[in-house]
Each structure stands twice: as structure tokens, then as C-alpha cells.
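K.L.:
Build me a structure from this.
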Amino acid sequence: MSHRADGSMSNRADRRRWTVVVVFLLAYLLSFFYRSTNAVIADDLARDVGLSAGALGFMTSLFFLTFASVQLPLGSALDRYGARFVTPGLLLAAVVGSLVFASAESVTGLAVGRALIGLGMAGVLMGALKAFAAWFPPTAFASVSSLFVGLGSLGALAAATPLAYLAGAFGWRAVFAWGALVVLVAAMAIACNAREPRTGTGVVGATAGGGFAEVFSSDAFWRFAPLTLAVTGGLFAWQGLWAGPLLTQRLGLDALTAGNVLLALGLGVTAGFLGSGPFAARLGLARATAAGAAAFLLCLLLWLLATPAWPTPLLQVLATVTGVAGASNVLSYALARDAFPHMPGRAVTAVNLFGIGGGALLQWGLGTLIGAFPRVAGEHPPLAFTAALAATALVVLVALARFLPLTRPVDPPRSAP
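P.N.:
Modelled structure (predicted):
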């Protein structure tokens, strides 16, 4: 075969693989958007549907609960049927869920819609990683995956200032109704373009090993998985819901200004995803993970000190750093891959279960805690958010203390005398 023919085939392959990245990226942007929406429209939902803090927290957490509940069977389905069919099939649930949410008149309707949206988005990231494993060589897989997660997190930015504007101009119901159409387009794009190549040259293979039983019986796993629950779960809980009421009810910001602070938080998350790899290359994987968790803990303590007198730019800086620190826990995927190199798919899915499950548990638990304080003039008192921040910080502190032994250098084996 001529060099020209070889080059033409290579160019076609390059276009196909990056087309796969783009169509999954559209869906992943939507996943981040939907998981973060309630932080901006929380006050609207409470007013229009009459939600208490506990009901709001539970309803919002259903995205993560349904998302987490399918993670383990999802891995088997992706291996058997491929991301081209599994991911769009799940996305159809998000289409229905978005329409149900838009038309809901009660907490039950909102809960059903939110649960269906979470179910629909559950296969986007893992489906993308499955497809990337087939289209990209192992040497490029980590870089492409990191870039994908970083760019996808920009979807949270659309759930900040832009959502605040659209919800104010057209209403949150209209946003979710039109969102259903965009999700449908994303599902069709994946189904039409995400065919995996027939050759296996780019496929990352792995032996079954001991399965999930081996993962869940590992001491190392039970050191980095709780940290994922605390940091990633804590980030999702605040970015996805409670940061909005914290800014408006505890710090007295109007909705648009709060949206600007949440925008800074989203930008920080994106920067954290993109910068975690180079940071770990310099510091080491375990130490970089610990440093990110420690920085996230410090940010939570600083939020405890924040008062309505703090200028908005200072809050935006703190929000940005919070996002960077929280997003650094994406390194837990690499920790899992290194701990179980013979079955990285199961290991990564198990860790993802803790991150998403942590988001659900903390959103719900913090809502219950905030709701335990009596309302003052229809709003939760500042002390309620202080308690929620302190609880999150305590969870991170305990998980970080358990993780720290993994940062110690391993002594090289001694030679025999």
C-alpha cells in the first residue's frame, strides 16, 4: 500500500476518533449541566412547588442515587453491547426525565424527573471511556480522558450565570423542556457516530481477576474510595445544590451575583480537572491527591468564616480555588487503575460509585441538617449553613486521615545477604 493510501486511512481514522470524542462531549456537557442546575433554581423550586430543605436535598440527590445505582451493571453492559447502544439508550431516560421535571407540580413529579435524568446520564462518562479505549492507543488514553473530563465540566458553567438568566427570562420549566430536545440530539449523535473499530489494536484489555470482590476487599481501595466520597461527593453536593442557597441566604447575594460566584466555582472545577495530571506528575499520584483534599478542606474552613461583608471578587476567588481543589480528586481514577491494573474497568467503576454516591448522600444529608434549623422570614438561618459546612469539613478530615498512609514512600525490597 502506498504512503498516500496509508496517510489517507490515518486521516480518516483521526477524524473518526475525534468525532467520537465530540459526540460524547456534547452528552457529558449536558450531564454536568443537569447535575448542577438545582443550585441556581433552588429558590425557584422552593417557591413554585413548596419544597422544604429536606425535600429539596432528597429530590436533588436522586440524580446521584440513580446514577450510582447502575454503575456496576453498567460496566458489564458496556463490555457486552458497546457504548454506541448503551449510552444513547440510557439518555432516552434523561429526555423523559427532563420533560417530567419541566411539567412537575409536586415534589413527587420533581423527584421522578430528577431520578430519570440521573439514570439517563449514568452511562455518559463510562461509555465515553469505553469508546476511547477502542479508538485511542493506551499511550494516548490518559491524556484524552483528562481533556474530556476537563472540557465536559464546562457544562456546569452553563448551569451558573446563563441558567440564572434563562430561568429569569423564560422560567425554569422552559429550560428543562428545551433541554430534553438537546439531550435527544446528543443521543442520536452518539448512536450514529460512535461505532467502535473492528480491529482491536487500540483496545485496552484486562483480565477478570477476582472481580468486584477483589476490589472491595482491598485495604488500599478502602483508603482512597472514602476520600472520593468526601471530596468529590462534597464538591458535587455544594456545586450541585447547596452553594446557591449558601450564597443567597447566608451571604445575602442576589440570584445573578450568586450565579457569577457559581460560575467561578465551575471554572475552578474545569481548571482542576485539566491541571491534576501535570500536578500529579510533579508531586506523585497519592501526594497530589492528598494535597488536593487538604486544600479542599481549607476552603471549607474559609467558607465558614465568610460573611455578607466579604466583597464579591473575594468570594469568586475562594469559589475558584474550591473548584480546583475539589476537582483534583479525579486522580482517584488513576489510583484505582494503578491498584488493580489487571481489571481497571471494574476498579474505576467502583470508585465512580463512591464519588457519585457521595454526592447523593451528602446532598440529602446536608439538606436534612439544614432543614433541622427553623426558618426565619422564610429562609434558613446562617447557622444552618455553618453546620452544613462544618459537617462536610469533618467528613473530609476523617477520610483524609485514613488516606494519608498511602502517601508514604514504599521502601525498596532489601537484597538477600
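K.L.:
quick one: contacts of stretch 276-295?
P.N.:
With contact meaning Cβ atoms under 8 Å, 6 or more residues apart in numbering, stretch 276-295 is reached by 142-143, 146, 224, 227, 230-231, 272, 321, 324-332, 334-335, 338, 396, 399-400, 403-404, 406-407. (Glycine included, C-beta is placed from N, CA and C.)
K.L.:
Now with 7 Å, please.
P.N.:
146, 227, 231, 325, 327-332, 334-335, 338, 396, 400, 403-404, 406-407 (Cβ atoms under 7 Å, 6 or more residues apart in numbering).
K.L.:
Quick one: buried ones out of those?
P.N.:
Neighbour counting over the contacts of stretch 276-295 (16 or more other Cβ atoms under 10 Å) leaves 146, 227, 231, 325, 327-332, 334-335, 396, 400, 403-404, 406 as the buried ones.
K.L.:
quick one: low-confidence ranges for this structure?
P.N.:
For the chain, residues meeting the criterion pLDDT under 70 lie at 1-11, 13, 138-143, 198-210, 342-345, 410-417.
K.L.:
got the contact list for residue 129?
P.N.:
So residue 129 contacts residue 145 (Cβ under 7 Å, 6+ apart).
K.L.:
buried ones in the helix or strand containing it?
P.N.:
Assigned by DSSP states H and E, residue 129 belongs to helix 124-135. Using 16+ other Cβ under 10 Å as the test for burial, helix 124-135 gives 124-135.
K.L.:
Please apply the same query to stretch 155-169.
P.N.:
Counting neighbours by 16+ other Cβ under 10 Å, the buried set in stretch 155-169 is 155-161, 163-164, 166-167.
K.L.:
How far does that stretch stretch from one end to the other?
P.N.:
Terminal residues of stretch 155-169 lie 20 Å apart, using Cα to Cα, to the nearest Å.
K.L.:
With stretch 244-261 instead?
P.N.:
9 Å.
K.L.:
Could you give me the buried positions within that stretch?
P.N.:
Across stretch 244-261, burial judged by 16+ other Cβ under 10 Å covers 244-251, 253, 255, 257-261.
K.L.:
What of stretch 267-285?
P.N.:
Residues of stretch 267-285 classed as buried: 267-274, 276-277, 279-280, 285 (neighbour count, 16+ other Cβ under 10 Å).
K.L.:
Out of those, which is nearest to residue 306?
P.N.:
residue 268 (15.8 Å; Cβ to Cβ).
K.L.:
what does stretch 48-60 contact?
P.N.:
Contact partners of stretch 48-60, identified using Cβ under 7 Å, 6+ apart, comprise 38, 42, 45-46, 104-107, 110-111, 114, 240-241, 363-364, 366-368, 370-371, 380.
K.L.:
and what of stretch 155-164?
P.N.:
With Cβ under 7 Å, 6+ apart as the criterion, stretch 155-164 contacts 28-33, 36-37, 40, 175, 239, 255-256, 259-260, 262-263, 266-267, 269.
K.L.:
Can I have the buried ones of those as a ChimeraX selection?
P.N.:
For the buried members of those, the matching ChimeraX selection, counting by 16+ other Cβ under 10 Å, is:
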select :28,29,30,31,32,33,36,37,40,175,239,255,259,260,262,263,266,267,269
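K.L.:
and the contacts of stretch 155-164, which of them are in helices?
P.N.:
Per DSSP state H, helices hold the following members of the contacts of stretch 155-164: 28-33, 36-37, 40, 175, 255-256, 259-260, 262-263, 266-267, 269.
K.L.:
so how far is residue 196 from residue 137?
P.N.:
Distance, residue 137 to residue 196, by Cβ to Cβ, to the nearest Å: 14 Å.
K.L.:
Could you do residue 352 as well?
P.N.:
The gap separating residue 352 from residue 196 is 21 Å, by Cβ to Cβ.
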